[in-house]
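Peer 1: Below: sequence and its predicted model.
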Amino acid sequence: MPAHERGDYASSRIIAALREVDAALSGLSLVEEVKESLAEVNREVRARAATIGPSSWLLSKGHRN
């Protein structure tokens, strides 16, 4: 799978996860739900990358651990 397709997959998963966030939430509840949703996407994308192989790169623009 070319790198741009992997990026498209990750982006589409992020968008889908954010669409599922309860729009009625506000404040800290909203922040926590968004963080949980994105953490789940992160786990999913990393698991998928692990099946592609060790030579694959996962790049996250602007995110540092």
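Peer 2: Yes, it's here. Quantities reported herein were computed from a predicted structural model and do not represent experimental measurements.

Peer 1: what's the weakest-modelled helix or strand in the protein?
Peer 2: helix 3-19 (a mean of 83; mean pLDDT, DSSP states H and E).

Peer 1: Show me what that one is packed up against.
Peer 2: Judged by 3 or more C-beta pairs under 8 Å, 6 or more residues apart in numbering; DSSP states H and E, helix 3-19 is in contact with helix 27-52. Bear in mind the C-beta positions are built from the backbone N, C-alpha and C, glycine included.

Peer 1: between the helix it packs on and helix 3-19, how many degrees?
Peer 2: 150 degrees (axes from the mean of the first three to the mean of the last three C-alpha atoms, to 10 degrees).

Peer 1: for the record, mean pLDDT for helix 27-52?
Peer 2: For helix 27-52, the mean per-residue pLDDT is 92.

Peer 1: tell me what it is packed against?
Peer 2: helix 3-19.

Peer 1: Show the contacting residues for the most centrally placed residue in the chain.
Peer 2: Nearest to the mean C-alpha position of the chain, counting by C-alpha atoms, centre = their mean, stands residue 41 at 3.6 Å. Going by C-beta atoms under 8 Å, 6 or more residues apart in numbering, residue 41 touches 10, 13-14, 17.

Peer 1: if we go to 7 Å?
Peer 2: With contact set as C-beta atoms under 7 Å, 6 or more residues apart in numbering, residue 41 has these partners: 13-14, 17.

Peer 1: Check residue 20 too.
Peer 2: Shown in contact with residue 20 (C-beta under 7 Å, 6+ apart): residue 37.

Peer 1: Make a ChimeraX selection of whichever of the contacts of residue 41 turn out to be buried.
Peer 2: Here is the ChimeraX command that selects only those of the contacts of residue 41 that count as buried (16 or more other C-beta atoms under 10 Å):
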select :13,17
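
Peer 1: of the contacts of residue 41, closest to residue 51?
Peer 2: Among the contacts of residue 41, residue 13 lies closest to residue 51 (C-beta to C-beta), at 14.9 Å.
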